[in-house]
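Asks: okay, sequence plus prediction incoming.
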Amino acid sequence: MSTRLSYCAVEKKLWPKYREEISHSRNTVEVEGTFTMTVADLLTNVLEEKIYSEDIIFLPDEECHYRFRDNLLNNEKFKTTFDSSDLGAIIDRYVHTANSRYIHLSKLPEKTNSKIKRH
């Protein structure tokens, strides 16, 4: 049986700021940005090399709500770490929160836009 690495400590470090930013997102673009930046921060901490938010794609309308760009998928350190750890489960928790907020905001775009104009 192979050993699975756990990065829950990194997840817990990033989670409070992520949750606050997601809950204060005023539109779907902010939700997407928060998700991709947080996952990039997570991967940067885990891989100990700079990962950019552009390497993560948020896909709210698809079954799997995120995808990685080819340059990240071709990174051997990323592939090995992702396959031998709980990174997939951690990102699934992040994307579930982002997708729920995305759905909420996309249902009421007029109300959301009027709130933005008042601030």
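Replies: Noted; the coordinates are in hand.
Asks: tell me which element the residue most central in space within the chain falls in.
Replies: The centroid of the chain falls nearest to Phe35 when counting by CA atoms, centre = their mean (3.3 Å). Using DSSP states H and E, Phe35 sits within helix 28-47.
Asks: in this protein, where is pLDDT below threshold?
Replies: 1-2, 109-119 (pLDDT under 70).
Asks: helices of that one, residue ranges please.
Replies: Listed in chain order, the helices of the chain (DSSP state H) span 8-23, 28-47, 70-73, 76-83, 87-107, 109-118.
Asks: got the contact list for Cys8?
Replies: Cys8 makes contact with 86, 90 under the criterion CB atoms under 8 Å, 6 or more residues apart in numbering. Where you see a C-beta, it was placed from the backbone N, CA and C, and this is true even at glycine.
Asks: okay, now the residue nearest to Thr3 when sequence neighbours are not counted: neighbour count?
Replies: Using CB to CB, 6 or more residues apart in numbering and skipping the chain neighbours, the partner closest in space to Thr3 is Ser84 (7.5 Å). Residues contacting Ser84 under the criterion other CB atoms under 10 Å number 12.
Asks: how about Ser84, phi and psi?
Replies: Main-chain dihedrals, Ser84, degrees, to the nearest 10: phi -110, psi 20.
Asks: where's it relative to Asn99, distance?
Replies: Using CB to CB, to the nearest Å, Ser84 is found at 26 Å from Asn99.
Asks: and if you look at Leu5?
Replies: Per CB to CB, Leu5 is found 26 Å from Asn99.
Asks: those two - which one has more neighbours?
Replies: The neighbour comparison of Leu5 against Asn99 (other CB under 10 Å) goes to Asn99, with 18 against 11.
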